[in-house]
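Visitor: what follows is a protein structure lacking sequence information:
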């Protein structure tokens, strides 16, 4: 989805210094990129809704993401920055992971809402107004996508640092 989004971005860049080479974009041209983007959009939305519904229904969302305290977050963040974060039980999220996953859930919701605003600005005037207009919605969408790309990059680094975590990341437990 990012690759087709980058191709769409290239048609009307938000920031003159940020350009994406054709080799990392998808779609070949604006129309092709939009087709890919809208096709994958429905997969993202369906997966996100299914994750939230199943997580709420089974209690797994509450069980894995909470409780989350500031004290635990500060302790785990300090340990992570020193490279001393325990990886004994990979099935249990530490406070930093809980916060990161909660941020990603909120970020995906923001990606979807800002994407709807960009896609159908006339049909979603309230969303457009809440996001500060069409142009600001584009910036929000780009920034929210950047957070997801950063999250993915951090996961790749974590697999390199703790290789046995790959299976846990794939299975989700």
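Guide: Received the coordinates, thanks. The structure presented is a predicted model; accordingly, all values stated were derived computationally and were not measured. Numbers count the residues shown, from 1 in each chain.

Visitor: please report phi then psi for residue 139.
Guide: Phi and psi for residue 139, reported as degrees, to the nearest 10, are phi -70, psi -40.

Visitor: contacts for stretch 20-30 next, please.
Guide: For stretch 20-30, the external contacting residues (C-beta atoms under 8 Å, 6 or more residues apart in numbering) are 3-4, 6-11, 32-37. From N, CA and C alone the C-beta is placed, and that goes for glycine too.

Visitor: now do stretch 32-40
Guide: Residues outside stretch 32-40 that contact it (C-beta under 8 Å, 6+ apart) are 1, 3-5, 7-8, 11, 25-27, 119.

Visitor: pLDDT below threshold where in the chain?
Guide: In the predicted model, the chain carries pLDDT under 70 at residues 87, 172-173.

Visitor: centroid residue for it?
Guide: Taking C-alpha atoms, centre = their mean, the centroid of the chain lies closest to residue 148, which sits 3.2 Å from it.

Visitor: my guess is that residue contacts residue 108. True?
Guide: Yes - with contact defined as C-beta atoms under 8 Å, residue 148 and residue 108 form a contacting pair (7.3 Å).

Visitor: that older thread, just send the contacts of stretch 32-40 back as a markdown table, with distance to residue 142, neighbour count and secondary structure too.
Guide: As requested, the contacts of stretch 32-40 are exported to a markdown table (distance: C-beta to C-beta, whole Å; neighbours: other C-beta atoms under 10 Å; DSSP: H, G, I helix; E, B strand; the rest coil):
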| residue | distance to residue 142 | neighbour count | secondary structure |
| --- | --- | --- | --- |
| 1 | 13 | 18 | coil |
| 3 | 14 | 15 | helix |
| 4 | 14 | 21 | helix |
| 5 | 8 | 24 | helix |
| 7 | 13 | 24 | helix |
| 8 | 10 | 20 | helix |
| 11 | 13 | 11 | helix |
| 25 | 14 | 21 | coil |
| 26 | 16 | 19 | coil |
| 27 | 17 | 19 | coil |
| 119 | 14 | 15 | helix |
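
Visitor: now those as a markdown table including distance to residue 104?
Guide: Formatted as a markdown table, the contacts of stretch 32-40 follow (distance: C-beta to C-beta, whole Å):
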| residue | distance to residue 104 |
| --- | --- |
| 1 | 14 |
| 3 | 19 |
| 4 | 20 |
| 5 | 17 |
| 7 | 24 |
| 8 | 22 |
| 11 | 27 |
| 25 | 24 |
| 26 | 22 |
| 27 | 25 |
| 119 | 22 |
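
Visitor: out of those, which comes closest to residue 88?
Guide: Checking the contacts of stretch 32-40 against residue 88 with C-beta to C-beta, the nearest one is residue 1 at 34.7 Å.
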